[in-house]
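[1] With the sequence up front, the predicted model follows.
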Amino acid sequence: MKKNIKKIIPMVAIATLMTTSVFANTNTQPEKVVVKENNKISGLITEVSKDSNKITIDGKEVNIGKFTLVIDAVKGTSIKYDEIMENQSAYVYNVGDDSIIIANIPQDFKAPIVVTVSETKKIDDSTLEITIKEDNAKYIINKDTNFNCIFAYGTPGIKSMPTFDELVEGSKIVIYPNEDKQLEKCFLTTFKNEVKEEDNNVELETKSNQIYIDGQLLEGANIIQENGKNLMPVRSIFEKLGYQISYDANTKIISMTKGAHFITFATNADAYTFARMAPQPLGQVPIVKDGITYVPVELFELMGIEVNVTSNNSLYIGEKVKETSNIEENKKEVKEEKSNTKKDQIIITEIDEKNNTITVKDDKKGTIVLNTKDLEVQFTNGEKSLYVGQALDVEYGEIMTASQPPINTPKSVKVVDKFSYGEVLNVEKDDKGNTRVLFKDEEMGEVVLNLAPDFKVNFTTEDKELKKGQDLEVVLGKAMTMSLPPMTNPTSVSVINLDENNNKENKGETNQDVLKGNATIKKVDKENKTILVEDEKMGEVVLNIHDDLKIEYKNGVGMHAYNWMVEGQKLEVEYSPIMTRSLPPINNPIKILVLN
């Protein structure tokens, strides 16, 4: 993988004030917040001002600011300003624009309280003991507790259930305790208090190392450093780049999708997947800091996007422009590079009319099943129906299933010309100016190309005439004779130069597409022909032992059937580029070398 990320100067991570489940919406965070400890007002609300967003409680005015969290005491939900009732009791914590108000408290009702977490202790997977800073009391959160996040009404946020790991020292929570010190309800808020012992009024400022995307400053986001790695906030950056982000609380997998491209990673593993390639380690497990998920900046390398972190700790995201003193020469190089590279194509390999699906082989993404129900296919060049071998232009839908192969409902499908590649074996001309080219197609074998005298061949090399040994890019004619070899009148012929590197790149044989790893068998399921292995870098992976799998043995001696499939067996695995997003991921390996 090309290293194009500059080293930055070590820095101190600045804690932010907003805490949410898994992601925090950085756009909603104030840059400067004053938090006051032990500042509570309680009493009867005598007036709710409709004009100035203020309430009067025991003669004191309280502002309802942008980030003020107002909670209905009985319902346990956040409410709008105009839902606050007069002549009802209320508690107000941290008076100011950033307040928590417990409102609409009936007489003799045991209202919830707002407290600060000072310490947590995990009893088991479903039980947590928390210590409260205000009175050092201890409470229990267990499976019977309604444990969730709560936001100011209208504030963007993830509403899914938070994890125990998000309850940290300083977290502000709203609790409904019972007599046994168990919490019936516990709501994690977006507030976090940090107070110096010598001063109850602490002013915290959110400072950020600048992040630029295509030259534009990304407000309210910063990079941090952890274990010598530069980490970036996921949500703020990738939403700006146009990705849809989702989080599965059960599997702890974060998925980021943009068109047919997607990135997935688990919050508890150093394994990052881009475009269905096998998960790759980046040297750091994602971390959640103050409710914001951070991942290594090297994720952009995996995506093929060049980034730079400068000496003044600014992160620049975007393609770097090639420096050249001759713009026209640069354009010429790019044109030649493209003309001498096979075009990426999407070819139909199977049609299932009963289930309204077609299976395609995408040179970039591998095999994909397209759901074509209610989809109007666009036909060109006189085509009227779909058939195996056709080339398509596909605009994929935003969602890819985690199955093998993945299933997608495309936005559009258009039939386009299919390009064939191969070598010229012989060239003959007759006295009328017609040319017959014996062309060895990489897929079909030998084909005779009939070229009329006025047929124009596109030369992208220094050659100006057809001759033996040249590489061709051909759009074959729709009609073909039944002779051996078959004959056709091609639509287009281009002379190109397919070097060894281009051939490997388009056959999926680059180092980026093929990932090898050393693994140990942990569990064998012979009935379903799968094995669970522990890869030294990727962790657990399920391997399908399919019929096309190539199995070799280091000592050169084969073993009968599946006798090598035993726990503890050491393997060298050549993974296929398509990996499911499940935990553990599932892969159809290309080759397995049995080591011992």
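    That came through fine.
[2] And the helices in the stretch 401-550 of the chain?
    500-506 (DSSP state H, counting those that start in this stretch).
[3] mind listing what the residue nearest in space to the middle of the chain touches?
    Geometric centre of the chain, nearest residue: Ile263, 2.3 Å, by CA atoms, centre = their mean. Residues in contact with Ile263 (CB atoms under 8 Å, 6 or more residues apart in numbering) are Phe238, Tyr243, Ser255, Met256, Tyr272, Thr273, Phe274, Leu299, Met303. For the C-beta atoms, the positions are set from N, CA and C on the backbone; glycine is no exception.
[4] Please identify which helix or strand holds it.
    strand 261-266 (DSSP states H and E).
[5] any idea how far that strand is from the chain center?
    3 Å (CA atoms, centre = their mean, to the nearest Å).
[6] For that strand, which strands pair with it and how are they oriented?
    Using DSSP bridges, the strands paired with strand 261-266 are strand 253-258 (antiparallel), strand 272-274 (antiparallel).
[7] Just say which of those is most tucked in.
    Stretch with highest mean neighbour count among those: strand 272-274 (a mean of 21; mean count of other CB atoms under 10 Å).
[8] Which pLDDT value goes with Glu353?
    With respect to pLDDT, Glu353 scores 86.
[9] what stretches of the stretch 351-500 of the chain score poorly on pLDDT?
    Applying pLDDT under 70 to the stretch 351-500 of the chain flags residues 381, 398-404, 499-500.
[10] all strands for it, in order.
    Secondary structure of the stretch 351-500 of the chain (DSSP state E, counting those that start in this stretch): strands located at 357-362, 366-371, 391-395, 407-408, 412-416, 420-429, 435-441, 445-451, 458-459, 471-475, 487-488, 492-496.
[11] which other helices and strands contact the last one?
    Contacts defined by 3 or more CB pairs under 8 Å, 6 or more residues apart in numbering; DSSP states H and E place strand 492-496 against strand 458-459, strand 471-475.
[12] circling back to that earlier point, next one: the residue nearest to the centre of the chain relative to Thr163, how far apart?
    From Ile263 across to Thr163, the span is 21 Å (CB to CB, to the nearest Å).
[13] Val234 too?
    The value you get for Val234 to Thr163, if CB to CB is used, is 16 Å.
[14] ok, now Glu350?
    Applying CB to CB to Glu350 and Thr163 gives a distance of 43 Å.
[15] what about those two, which has more around it?
    Legend: neighbour count by other CB atoms under 10 Å for Glu350 and Thr163, higher for Thr163 (16 against 12).
[16] circling back to that earlier point, which one of the helices and strands packed on strand 492-496 is the most hemmed in?
    In terms of average neighbour count - mean count of other CB under 10 Å - the standout among the helices and strands packed on strand 492-496 is strand 471-475, at a mean of 20.
[17] Identify the neighbouring strands of that one in the sheet and state each direction.
    When DSSP bridges is applied, strand 471-475 pairs with strand 420-429 (antiparallel), strand 492-496 (antiparallel).
[18] can you list the domain ranges for the chain.
    What automatic domain parsing lists as the domains of the chain is 17-205, 211-317, 346-416, 420-506, 515-594.
[19] which residues does Asp393 bridge with?
    Lys414.
[20] And for it, the neighbour number?
    14.
[21] before we move on, what about Ile521?
    Counted with other CB under 10 Å, Ile521 comes out at 18.
[22] Hmm, it is touching Ile531, no?
    Yes: applying CB atoms under 8 Å, one finds Ile521 in contact with Ile531, separated by 5.4 Å.
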